[in-house]
Each structure stands twice: as C-alpha cells, then as structure tokens.
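Trainee: What follows is a predicted structure for the sequence shown.
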Amino acid sequence: MSEPVDSETGLPPGYPLREDWEITPLRLANELSTDPPPVLIDCRTPEERKIGFLAGSILIPMSEIASRVEDLQEMEGRRIVVYCHRGQRSLRVTAYLRHLGFADVWSLAGGIDAWSVSVDGEVPRY
C-alpha cells in the first residue's frame, strides 16, 4: 500500500514546506526536463548512495561540502538542488551554500524518501 501524498507537491499531507528554501519532488521532476536541468547534489554518505540515488546526481557528502566549494563554483548560474535521506542535512547544506553566495540553491523537500514515494518508486527506500 502506498503512502498518501499531496497531488500538487508529492509530499506527505501536513509536510511543513519551507517554500523559500525547498523544492518539492514534483516540481523537481518537472524541472529535470528543462535545458539545462538543475544540478543535483547528493549530500548523503557513500554508504547511503549505494542504496539508491537520483540519476545524474553528484555525490558530495555533507562532511566534504566546505572542502569542495570550488567544485560547485563552476556550476554557478545554474539551479542547484541538494538532497539527502529526508531533507534535514540538505537544508543545512543549502543554508551554507547560500551563505557563501550561491543564489539559486534549494533543498529537496522530504529528500530521496519523498522522491521515491511520489516520483520514482524504483528508487529504494530505507
């Protein structure tokens, strides 16, 4: 049995969406078909990534973000979407990158877990 999700956002009912910080799973799914698509940063651990990931994403664990900012600077000017398991670590990474001056960086609301429930059930949940 699948979990209930809001048909407009792809999030569980009552999810406290931070519209100025987060992008919903369904909006991200639509934006991935744009040219150029958003840059996807997976801030989980390598062990978590082995379970499943969003196609085309770049693994930069949260613990390595500060040392890899230069890698991200070449992506300035493109939308960056950071994701983790449920959205808490990615919010912290988003706040850090915005503090450094990245203008168009967002956290995936509900993380890869919400993505799996509402967009792509082939992505394993854990």
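Mentor: The structure has been received and is ready for your questions. Numbers count the residues shown, from 1 in each chain.
Trainee: going forward, measure contacts and count neighbours with C-alpha atoms only.
Mentor: Will do.
Trainee: Now for the protein, the helix or strand with the poorest mean pLDDT.
Mentor: helix 69-73 (a mean of 91; mean pLDDT, DSSP states H and E).
Trainee: Now Ile58, what are its backbone angles?
Mentor: The phi/psi pair for Ile58 (degrees, to the nearest 10) reads phi -110, psi 130.
Trainee: just checking, it touches Ile41?
Mentor: Yes. Using Cα atoms under 8 Å, Ile58 is in contact with Ile41, at 4.9 Å.
Trainee: rewinding a little: following element in sequence after the least confident helix or strand of the chain, please.
Mentor: In the C-terminal direction, the helix or strand that comes right after helix 69-73 (DSSP states H and E) is strand 80-83.
Trainee: what packs against that next one?
Mentor: With contacts taken as 3 or more Cα pairs under 8 Å, 6 or more residues apart in numbering; DSSP states H and E, strand 80-83 sits against strand 39-42, helix 88-99, strand 105-108.
Trainee: mind checking how far it is from the chain centre?
Mentor: Relative to its parent chain, strand 80-83 has a centroid offset of 4 Å by Cα atoms, centre = their mean, to the nearest Å.
Trainee: which residues sit against that strand?
Mentor: Where contact means Cα atoms under 8 Å, 6 or more residues apart in numbering, the residues beyond strand 80-83 that reach it are 23, 38-44, 89-91, 93-94, 104-108, 111-112.
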